[in-house]
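Trainee: Structure for the following, please:
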Amino acid sequence: MHRFITTLLTFSFLILATTLAQASNTAPMDMKIGPPKSMKATKTLVDFSHDRHGIAKIECITCHHTWDGKNDIKSCSVSGCHDQPGKKGNTSFYTAFHSKKSDTSCLGCHKIVKKSGTPVPVACKSCHPK
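Mentor: Numbers count the residues shown, from 1 in each chain. All right, here's what the predicted structure looks like:
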């Protein structure tokens, strides 16, 4: 019985610690993703839901790959991250979201998920409606 109570308390502590860690990094649930202010958008902005991606059990660090887990998470379009124009290079804003070769880009991840049978958008117009 003592072992059961110890296990239960340990499990409860882990759940509480995880909940507090997630609560300290609150993200806007619904937002629009667009290029940095220094770039002109060539397509409509993308509606994005942190809530839906959280339900899919995607960890913040998956997309916010430079986050240290302690400080506030910054936007992908901040200076020094994915703030470069064009379609080539790791710091390109376009590449961050559209690289088919990266499982951490939106399109790359969606293609992997779609192959598993889950319906997710992969067509341009799905994310960039007219």
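Trainee: what sits against the closest residue to residue 122 other than its chain neighbours?
Mentor: Spatial nearest neighbour of residue 122, excluding adjacent residues (C-beta to C-beta, 6 or more residues apart in numbering): residue 110 at 5.1 Å. Backbone N, C-alpha and C define where each C-beta goes, glycine included. Listed by C-beta atoms under 8 Å, 6 or more residues apart in numbering, the contact partners of residue 110 are 120, 121, 122.
Trainee: go again using 10 Å as the cut-off
Mentor: Neighbour list for residue 110: 100, 118, 119, 120, 121, 122, 123, 126, 127 [criterion: C-beta atoms under 10 Å, 6 or more residues apart in numbering].
Trainee: Residue 120 too?
Mentor: The contact partners of residue 120, taken as C-beta under 10 Å, 6+ apart, are 52, 56, 106, 107, 109, 110, 111, 112, 113, 114, 126.
Trainee: go on, residue 90?
Mentor: Going by C-beta under 10 Å, 6+ apart, the list of residues near residue 90 reads 81, 82, 84, 96, 99, 102.
Trainee: any idea how far residue 64 is from it?
Mentor: The gap separating residue 90 from residue 64 is 15 Å, by C-beta to C-beta, to the nearest Å.
Trainee: Summarise which helices and strands the host helix or strand of residue 54 is packed against.
Mentor: Using DSSP states H and E, residue 54 sits within helix 50-55. Contacts defined by 3 or more C-beta pairs under 10 Å, 6 or more residues apart in numbering; DSSP states H and E place helix 50-55 against strand 30-33, helix 60-63.
Trainee: Out of these, flag the one nearest residue 75.
Mentor: Comparing the helices and strands packed on helix 50-55 by their distance to residue 75 (C-beta to C-beta), the top pick is strand 30-33, with 8.9 Å.
Trainee: Would you mind giving the secondary structure of residue 96?
Mentor: Of the three states, residue 96 takes helix under DSSP: H, G, I helix; E, B strand; the rest coil.
Trainee: That one and residue 86 touch, don't they?
Mentor: No: between residue 96 and residue 86 there is no contact under C-beta atoms under 10 Å: 11.8 Å.
Trainee: Strands of this structure, start to end?
Mentor: 30-33, 46-49 (DSSP state E).
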